[in-house]
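>>> following is a predicted model, sequence given first.
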Amino acid sequence: MIKTQNLTKNYDGLLAVDDLTFTVEPGEVLGFLGPNGAGKSTTMRMLAGFITPTSGTGSICGHDISADPLAAKAALGYLPEGAPHYGEMTVGGFLDFIADLRRLEGAHRKTRLDYVIGRLQLEPVIAQTIETLSKGFKRRVGLAQAIVHDPKVLILDEPTDGLDPLQKHEVRTLIGEIAREKTIVISTHILEEVDAVCTRAIIVARGKLVADGTPEALKARAPSGRLEDVFRAVAA
Amino acid sequence: MKTVRIILRRELASYFATPLAYVVIVIFLLLANLFAFFFGALYERGQADLTPFFTFLPWLYLFLIPAVSMRLWAEERRNGSIELLLTQPITLWQAVLGKFLAAWAFVGIALALTFPIWLTINYLGDPDNGAILAAYLGSLFIAGGFLAVGSFTSSITRNQLIAFLIAVLLCFLLLMAGYPVVTDFFQRWAPQWLVDGVASLSFLAHFENIIKGVLDLRDVLYYALVTIFFLLASTVVLDHRKSK
């Protein structure tokens, strides 16, 4: 479960995230929507422990991100925006490194590594260095590191960005598959993705929460019944 | 400690994954030998010790150590992998320490590869090998101090060249702290105790004993304190950048 309470980030006078309060329950796949610069990545970075909130707080599975950051990070799988990576490492070496940091051991470690490598179809490139991979493969390596420790909470910043339609479909299927017992937040600006995988969506604009509901409930707000129109109306 | 080891291992492997490591080692060995035999007149002076080699070592470090340390944080920040690293369940201090130890191990490997100089002097004469070992250890401590300075300058910028240049400058000031080039600047306005304080920070002054083969605990403690100070400073800078 994810909770934020009056979460705020102020970059030298620029209010990137403004008093954001929301809760995501297990089993929910939350679509985190908003125009570029609305504060989506900043919010996710605060929850992942990469940047410190100016005020307010958040928690991952009950672990406060400020008071107990290590427990919060241990419960979380996180795909940063743009899926950054260590280019000089091989895919296998990189996943081993993450499995080491996540303290996966013995048979469980092997099961988890085999699962993510198989599920994200990384076998053919396992010995290649990451910098030589296509954008799609890099993104899948990023997803693999986010789920390798079978976290209860997943935060994925634009997980399908740069993927071709087939790969997008694959990633959505994967998210749907693991969603049942997990708490998942994905940011996206592809509105069709909300229909495809999300059970709920929130829209932020200029750091503020401007809409929150199931995709159906949000659509019902516009006379046309289209999410795009709702998005334009609240985010403008 | 296990987390530090995991980070150390990855970091050390990444040095050798690029040509930079080999270039630095080759240049280091070439210059170290050049200084020792050519400028230091290791043969001609007719004494069985490595004083010429160790005397030049800090000056070689002045440029090569910042070249090793400049990438530590600047590169992570530039390519965004810092976000991947710091959102793993690790503390900042573990990351700073692991990266530092990897760089230190790398410099240790380069230093160890100067062993042919030691073999040469043992072939030619009968040196005090205990004193040579002490000087090698002292060199490693100087390298550690410089690397910690480099870790600090690498944490304040995403530009590796800037990290390199500031590290060279800071290391130069630390080297020369006890010499007129630095003390004169303070002499004009600062009280004597401050001048003495600054002078006592000199890397070279502490190294002079070590070259003679005297590994004094106070000198070791001095290098350890400088190293820890700059590693803590790196941690503070990285933490500050999280909340900016």
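The structure has been received and is ready for your questions.
>>> rest of the way, CA atoms for contacts and neighbours
Will do.
>>> which residues of chain B lie near chain A?
Contact residues, chain B versus chain A (CA under 8 Å from any CA of the partner chain): B:3, B:6, B:10, B:14, B:17-18, B:79-81, B:83-84, B:86-91, B:241-244.
>>> and these, which are buried?
B:3, B:6, B:10, B:14, B:80-81, B:83-84, B:86-91 (16 or more other CA atoms under 10 Å in any protein chain shown).
>>> mind putting those into CSV with pLDDT?
Shown next, in CSV, are those (pLDDT from 0 to 100):
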residue, pLDDT
B:T3, 95
B:I6, 97
B:R10, 96
B:S14, 92
B:G80, 93
B:S81, 95
B:E83, 96
B:L84, 96
B:L86, 96
B:T87, 96
B:Q88, 97
B:P89, 96
B:I90, 96
B:T91, 95
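>>> can I get those residues in TSV with secondary structure?
Shown next, in TSV, are these (DSSP: H, G, I helix; E, B strand; the rest coil):
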residue	secondary structure
B:T3	helix
B:I6	helix
B:R10	helix
B:S14	helix
B:G80	coil
B:S81	helix
B:E83	helix
B:L84	helix
B:L86	helix
B:T87	coil
B:Q88	coil
B:P89	coil
B:I90	coil
B:T91	coil
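>>> closest to B:V168 out of those?
When these are compared for distance to B:V168 (CA to CA), B:S14 wins out at 23.1 Å.
>>> now that closest one, nearest residue through space, not along the chain?
Leaving out its chain neighbours, the residue that sits closest to B:S14 by CA to CA, 6 or more residues apart in numbering or on different chains is A:E88, at 6.8 Å.
>>> what does B:L201 give?
B:A177 (6.0 Å).
>>> what's near enough to touch that neighbour?
The contact partners of B:A177, by CA atoms under 8 Å, 6 or more residues apart in numbering or on different chains, come to B:183, B:198-203.
>>> which of the residues you listed are buried?
Here, 16+ other CA under 10 Å leaves B:183, B:198-203 buried among these.
>>> got phi/psi on the residue nearest the centre of chain B?
Residue closest to the average C-alpha location in chain B (CA atoms, centre = their mean): B:A143, at 2.3 Å. Here is the backbone geometry of B:A143 (degrees, to the nearest 10): phi -60, psi -40.
>>> just the pLDDT for it.
Note for B:A143: predicted pLDDT of 95.
>>> do the same with the one 3 residues further on
Among the per-residue scores, B:F146 holds a pLDDT of 95.
>>> kindly report the same for B:A135.
89.
>>> confirm that it sits in a helix.
Yes - under three-state DSSP, B:A135 sits within a helix.
>>> okay, now it: neighbour count?
By other CA atoms under 10 Å in any protein chain shown, the residues close to B:A135 number 25.
>>> quickly note the distance from it to B:T183.
In this view, B:A135 and B:T183 are 26 Å apart by CA to CA, to the nearest Å.
>>> check A:L209 too.
Going from A:L209 to B:T183 by CA to CA gives 59 Å.
>>> in helices, which of the buried ones among the contacts of B:A177 fall?
Residues from these lying in helices, with DSSP state H as the criterion: B:183, B:198-199, B:203.
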